[in-house]
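Q: Predicted structure and sequence below. I'll ask about it afterward.
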Amino acid sequence: MVPNFADGELLLTEKVSYYFHGPQRGDVIVFRAPGLRNVDFIKRVIGLPGETVEVKEGSVFINGNQLRENYIKSQTEGNLNLVIGKDEYLVLGDNRGASSDSRSFGPIKKDSIRGRAWLVYWPIFKTASSAGARFILSEKTPPFRTEMKRRV
């Protein structure tokens, strides 16, 4: 999840809110890795149930509208065009060039989600490779804003 999370950072996962509502676009979630036992992944929710998601020409499109993602620094490689099923979510890593995500294993089921990443608690202080302890902001909170750009 580079550049927003560094290897070796430890975080707390909030597990209550998804009992009341589903994950939202831009949420950073922790979920059971598809096909692997006792392994969790951390990725960002991009596509929601019932949406059509397309990856082409380095960009992500949701229902035909380009998704602006200010939290990534590289293009989204690959080609993908799918309708997300009921109780499924499309997830992508922030380090799109080196991420094992829904482009390789498909959408994830809601029941595989362990919770929403909430707080990085280690390392406490900022280091050369980590921003230090911090709350994890959703895409609705600056500076992580995603916007849909109407396709012309």
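A: Ah, there it is. What you see is a predicted model, and the numbers here were worked out from it, not measured in a lab. Numbering: from 1, shown residues only.

Q: pLDDT weak spots in the protein?
A: Along the chain, the model assigns pLDDT under 70 to residues 1-5, 137-152.

Q: hey, where'd the helices end up in this protein?
A: For the chain, helices defined by DSSP state H occupy the ranges 102-105.

Q: Counting residues, which strand of it comes out longest?
A: Ranked by residue count, the top strand of the chain under DSSP state E comes out as strand 113-122.

Q: Quick check: beta-bridge partners of the residue positioned nearest the centre of the chain?
A: Averaging the C-alpha coordinates of the chain gives a centre point, and the residue nearest to it by CA atoms, centre = their mean is residue 44 (0.5 Å). With beta bridges defined as DSSP bridges, residue 44 has these partners: residue 28, residue 92.

Q: With just CA atoms, put stretch 23-35 into CSV.
A: Taking C-alpha atoms only, stretch 23-35 is exported to CSV below (Å, rounded to 0.1, in the frame of the first residue of the first chain):
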residue,chain,number,x,y,z
PRO,A,23,-17.7,-0.5,3.2
GLN,A,24,-17.5,2.7,1.2
ARG,A,25,-15.4,3.6,-1.7
GLY,A,26,-12.0,4.8,-0.5
ASP,A,27,-12.1,2.8,2.8
VAL,A,28,-8.9,1.0,3.6
ILE,A,29,-9.9,-2.5,4.7
VAL,A,30,-8.3,-5.6,6.1
PHE,A,31,-9.6,-8.9,4.7
ARG,A,32,-8.7,-12.6,4.4
ALA,A,33,-6.5,-13.1,1.4
PRO,A,34,-8.3,-15.2,-1.2
GLY,A,35,-7.0,-18.8,-1.3
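
Q: can you pull the buried residues of the longest strand of the chain?
A: Along strand 113-122, these residues count as buried under the neighbour rule (16 or more other CB atoms under 10 Å): 113, 115, 116, 117, 118, 120. For every residue, glycine as well, the C-beta is placed using N, CA and C.

Q: Next, the contact list for the last one, please.
A: Going by CB atoms under 8 Å, 6 or more residues apart in numbering, residue 120 touches 5, 9, 10, 11, 130, 131, 132, 133, 134, 136.

Q: Format those residues as a markdown table; extra columns: neighbour count and distance to residue 72.
A: Written out in a markdown table, the entries for those read as follows (neighbours: other CB atoms under 10 Å; distance: CB to CB, whole Å):
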| residue | neighbour count | distance to residue 72 |
| --- | --- | --- |
| 5 | 19 | 12 |
| 9 | 20 | 18 |
| 10 | 10 | 23 |
| 11 | 17 | 19 |
| 130 | 18 | 19 |
| 131 | 15 | 16 |
| 132 | 13 | 21 |
| 133 | 16 | 23 |
| 134 | 13 | 18 |
| 136 | 20 | 15 |
